[in-house]
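Novice: Have a look at this prediction, sequence included:
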Number of protein chains: 2
Amino acid sequence: MVKIAVLGYGTVGSGVVQVIDDNYNEVATSAGEEIEVKYILDLRDFPGDKHEAQVVHDINIILEDPEVKVICETMGGIEPAFTFEKKALENGKSVCTSNKELVAAHGPELVELAKKNNVTYLFEASVGGGIPVLRTLNTSLKHEKIDAITGILNGTTNYILTKMNKDGADFDTVLKEAQNKGYAERNPEADIEGHDACRKIAILSSLMSGEYVDSNKVYTEGITKISTEDFAYAKALGCSIKLLGRAEKKNGKFFSMVAPFMIPNDNPLASVNDVFNAINVHGNMLGDVMFYGQGAGKEATASAVVGDVIDIVKHDGHISVNMTDKPATLSDCGEYVRRFMVRVALSDKKAAMDVFGSNVDVLSTNEVNDEYAFVTSKMPEKEFAAKTESLGVVKNYIRMYM
Amino acid sequence: MVKIAVLGYGTVGSGVVQVIDDNYNEVATSAGEEIEVKYILDLRDFPGDKHEAQVVHDINIILEDPEVKVICETMGGIEPAFTFEKKALENGKSVCTSNKELVAAHGPELVELAKKNNVTYLFEASVGGGIPVLRTLNTSLKHEKIDAITGILNGTTNYILTKMNKDGADFDTVLKEAQNKGYAERNPEADIEGHDACRKIAILSSLMSGEYVDSNKVYTEGITKISTEDFAYAKALGCSIKLLGRAEKKNGKFFSMVAPFMIPNDNPLASVNDVFNAINVHGNMLGDVMFYGQGAGKEATASAVVGDVIDIVKHDGHISVNMTDKPATLSDCGEYVRRFMVRVALSDKKAAMDVFGSNVDVLSTNEVNDEYAFVTSKMPEKEFAAKTESLGVVKNYIRMYM
């Protein structure tokens, strides 16, 4: 019998307790031992709750109980989660978490701290909710030379883009609808500006490189500029528009970024719709492997946390995670060479032709008739940025996924 | 340093050696020890090959060498692979294999034999080539109550169906083209009749139930009856036609089968095209998770075999696989309730209406005009079979995926 504690009895935390209740035997079989929740830390009381008796308000009760082997941190946010996790690791308790904000900010440091204390820090649920991609990277694919990870990492923005595409509705209308349905938060900035996806690709980039990729250094664009016209041209191009997080090793460089992309419909990422997430991993021997599933949701995310608990119990607290706190050297995304879809007003066609030349693929669609739209030739991002700046009248542009 | 042996220096076997050569450091990091190929068993010699010196012709050299800890069986076929694997396990050597035919026929028995001898039998590469689905089922998802596994498990048939759909070509034409391109074998029966997919869903069904699902007891239909008219109606229905292997626990019953299905285009399996494979797993907490990738190919399959070797080395030969040789009780697929797409000649419309009643969805497409096609109401498979038999004039039918 292994005793664990859950920090935070909110959505994910109560899900963790539920998974252990509902799948008690399966959890025991998988771990090789029964697993019991000894404490639930929360500021609130939960009178009448089945687990009322386990609720405590003082973290020290948990930290000082030598019976507690594993702590699930499902509070979210940086503090006090960071302090609690550090203390737990220093007290010889393994930690697993769904807290992507904290993992992106301090994950490598916490992995190192765990190593120092002969315990383990795991965070499967911090990327892709229930999708078991981190453990797979750390086990089945660890002998691959991973040269690219590309993901649809945020369900809210994917839902918005899917609805805009299907209904022909504009961004603001769909965002409001998503908020009403509870798919987007009242303050949606972290999602729609790409910050959430940025944290997740930073975590994946760290695992890919084995070093610390600081999410603040990952170039990030959100989806707020995407319009119905962009979707009309996407259709003409045989593409879908997706917000992608992408980490890539290429010619000795290491890129990590988040931005909307035009992605060809025959790429499996193009048909990942609604709130679903997907992560494509490319290895030198394996080629492409894609993982698809719910990127959020109480039970799915909680199941991933419990998967980490089991892994820790099964391996007696000793799992090596490929991550150090040595800062990774990210290459300047301005050096990345690609093509871009560009839209200008018809009145700016001549200026655009002067700047981008005639070596472009001109686009046409019946749905838009007062614009000049085209796909540029290949050029470095910084060259493209300089050109659009000198032109000054671009309605929108979207990167082409190649 | 761990010494291994590779049995069979063909496509997959030479791939295994190549993965260990090319990713030597990554393999060592992942395993925690360097891994060296000490022997390669083959009937042939390979003069001039980099690994010429490792080639032996006598299995006993390998079996009797206590230095050899792991054996990769990449010969394929039942014999002599079965005998070699049994002897290896009895000699205290762990075995991993890509041999789906053997795993489907004797996997549970070999898993039990491995347990008895305190070693491990793994077979990740036997299903979905490089897609790491078996290890994930055995680790990250082991605490889930898995109620359904649905897969596109055969690349050849998926290539044929994709081409028929895109080009509007008939089965025989596309099969010939696939044979010319090397995507289908000269004797394509194992693929097009569904036997290969059947072996793989039997393996997945065994892992799902923890018991032995005999592939001979899995109801199997191939794709040879699928015509261009079926694709016209699929388009009208907003569906793709895919050969699916499906294992499902439902109302206390356990079904396992292989057949072509009409699958709605918004299901991610519908957009798995060409030679790619995909496996969708549904767990009670997790919901749907899908794994996608190359279902075959030298390097991808070999990478999965090497992943097994690493797992065995890392865990010192002790990995528990959820499979026993106790026969599973499969339910009669005749009891499965679903809807069916049915096509008859226009002259048989009245007879079809008499048999299937008016509670059907009639289909129409501009591409076919001398047929009466419809989707039946829900009924058990055996009721449907009785009705089509009594009707006697059905051109084709395809199950609806629900």
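Specialist: Sure thing, it's come through.
Novice: Those residues of the stretch 301-402 of chain A touching chain B, which are they?
Specialist: For the stretch 301-402 of chain A, the residues in contact with chain B (C-beta under 8 Å from any C-beta of the partner chain) are A:302, A:303, A:304, A:306, A:307, A:310, A:311, A:320, A:322. Every C-beta, even on glycine, is put in place using the N, C-alpha and C of the backbone.
Novice: Please report the distance of the residue at the greatest distance from the centre of chain A from chain B.
Specialist: Distance from the centre of chain A peaks at residue A:350, with 40.5 Å (C-alpha atoms, centre = their mean). Using C-beta to the nearest C-beta, to the nearest Å, one obtains 40 Å as the distance from residue A:350 to chain B.
Novice: Looking at strand pairing, list the partners for residue A:374.
Specialist: Taking DSSP bridges, one obtains residue A:342, residue A:362 as the residues bridged to residue A:374.
Novice: Show me how far the strand or helix carrying residue A:388 is from its chain's centre.
Specialist: Assessed by DSSP states H and E, residue A:388 sits inside helix A:381-391. Its chain's C-alpha centre and that of helix A:381-391 lie 29 Å apart, by C-alpha atoms, centre = their mean, to the nearest Å.
Novice: For that helix, name the packing helices and strands.
Specialist: Judged by 3 or more C-beta pairs under 8 Å, 6 or more residues apart in numbering or on different chains; DSSP states H and E, helix A:381-391 is in contact with strand A:340-345, helix A:349-356.
Novice: Could I get the average pLDDT for the host helix or strand of residue A:16?
Specialist: Assigned by DSSP H and E, residue A:16 belongs to helix A:11-22. In this model, helix A:11-22 carries a mean pLDDT of 97.
Novice: Run through who's touching it.
Specialist: Residues from elsewhere that reach helix A:11-22 (C-beta atoms under 8 Å, 6 or more residues apart in numbering or on different chains): A:6-7, A:9, A:27, A:35-37, A:40, A:42, A:50-51, A:72, A:74-76, A:98, A:125, A:298-299, A:301-303, A:305-306, B:143, B:284-285.
Novice: For chain B, see how far away the closest residue to residue A:375 other than its chain neighbours is.
Specialist: Distances taken as C-beta to C-beta, 6 or more residues apart in numbering or on different chains put residue A:361 closest to residue A:375, at 4.4 Å, once the chain neighbours are dropped. Residue A:361 sits at a distance of 23 Å from chain B (criterion: C-beta to the nearest C-beta).
Novice: picking that back up, which of the contacts of helix A:11-22 fall in strands?
Specialist: Among those, the residues falling in strands (DSSP state E) are A:6, A:7, A:35, A:36, A:37, A:40, A:72.
Novice: I'd like to know how far the residue nearest to residue A:375 sits from residue A:342.
Specialist: Plainly put, residue A:361 is 11 Å away from residue A:342 if you go by C-beta to C-beta, to the nearest Å.
Novice: Check residue A:136 too.
Specialist: 38 Å.
Novice: what's the answer for residue A:128, then?
Specialist: 32 Å.
Novice: Who has more neighbours out of those two?
Specialist: Between residue A:128 and residue A:342, counted using other C-beta atoms under 10 Å in any protein chain shown, residue A:128 has the larger neighbour count: 32 against 25.
Novice: residues contacting that one?
Specialist: A:151, A:153, A:200, A:277, A:279, A:291, A:293, A:295.
Novice: Taking the residues you listed, tell me the two that lie furthest apart.
Specialist: With C-beta to C-beta as the measure, no two of those lie farther apart than A:200 and A:293, at 13.9 Å.
Novice: Of the two, give the one with the bigger neighbour count.
Specialist: Shown here are residue A:200 and residue A:293; by other C-beta under 10 Å, residue A:293 has more neighbours (28 against 24).
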